[in-house]
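K.L.:
Any chance you can model this:
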Amino acid sequence: MVNRQVVGAHYGLRDWLAQRITAVVMVIYTILFLVAVIRAPQLDHAAWRAIFVPQWMKLASLLFMLCIFMHAWVGMRNIFMDYVKDISVRLTLYVVTIAWLLICTGWAIQILWSVR
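P.N.:
Got it, this is the predicted structure:
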């Protein structure tokens, strides 16, 4: 009888590309965001809100958040695959991590689209 373990050896190239692409998107957004903050005349509540009022900034921020969540998922999944040997514990951690990231995604959407 063969005792198979759930491992992710086949995720290599896809994970590598996901990490690099999400990192590039996050760097571009960070530069864009820093330019927007530097261009603000002052950093009070009104100026901070004004940065996030345009629809394009909301969409760019949402893309940034989705990239962070994807980046975090790939990283956490790889950590779990490398260090958590018990399959049931690993799968439980996967489910908890996915649930947390989905909750964070919903919360980010709620925050971004509440700015008017």
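
K.L.:
Least confident secondary structure element in this structure?
P.N.:
One helix or strand of the chain scores below all others by mean pLDDT, DSSP states H and E: helix 45-52, with a mean of 90.

K.L.:
Counting by contacts, list what that one packs against.
P.N.:
Judged by 3 or more CB pairs under 8 Å, 6 or more residues apart in numbering; DSSP states H and E, the packing partners of helix 45-52 are helix 12-39, helix 55-83. All C-beta atoms are positioned from the backbone trio N, CA, C, and that covers glycine.

K.L.:
wait, what's in contact with residue 112?
P.N.:
When contacts are counted by CB atoms under 8 Å, 6 or more residues apart in numbering, residue 112 touches 52, 58, 61, 62, 65.

K.L.:
Quick check: closest non-adjacent residue to the fourth one.
P.N.:
Closest residue to residue 62 apart from its sequence neighbours, by CB to CB, 6 or more residues apart in numbering: residue 112 at 5.9 Å.

K.L.:
element containing that neighbour, please.
P.N.:
Element membership for residue 112 (DSSP states H and E) is helix 87-114.

K.L.:
quick one, that helix and helix 45-52 angle?
P.N.:
Regarding helix 87-114 and helix 45-52, their directions subtend 110 degrees when assessed with axes from the mean of the first three to the mean of the last three CA atoms, to 10 degrees.

K.L.:
Buried residues in helix 87-114, which are they?
P.N.:
90, 93, 94, 97, 101, 108, 112 (16 or more other CB atoms under 10 Å).

K.L.:
now do stretch 20-37
P.N.:
Residues 22, 25, 26, 29, 33, 36 are the ones in stretch 20-37 that count as buried (16+ other CB under 10 Å).

K.L.:
right, and the second one touches residue 69 too?
P.N.:
No - taking contact to mean CB atoms under 8 Å, the distance of 12.0 Å between residue 25 and residue 69 leaves them out of contact.

K.L.:
now the chain, which segments are flagged as low pLDDT?
P.N.:
Screening the chain residue by residue with the criterion pLDDT under 70, one finds the ranges 1-11.
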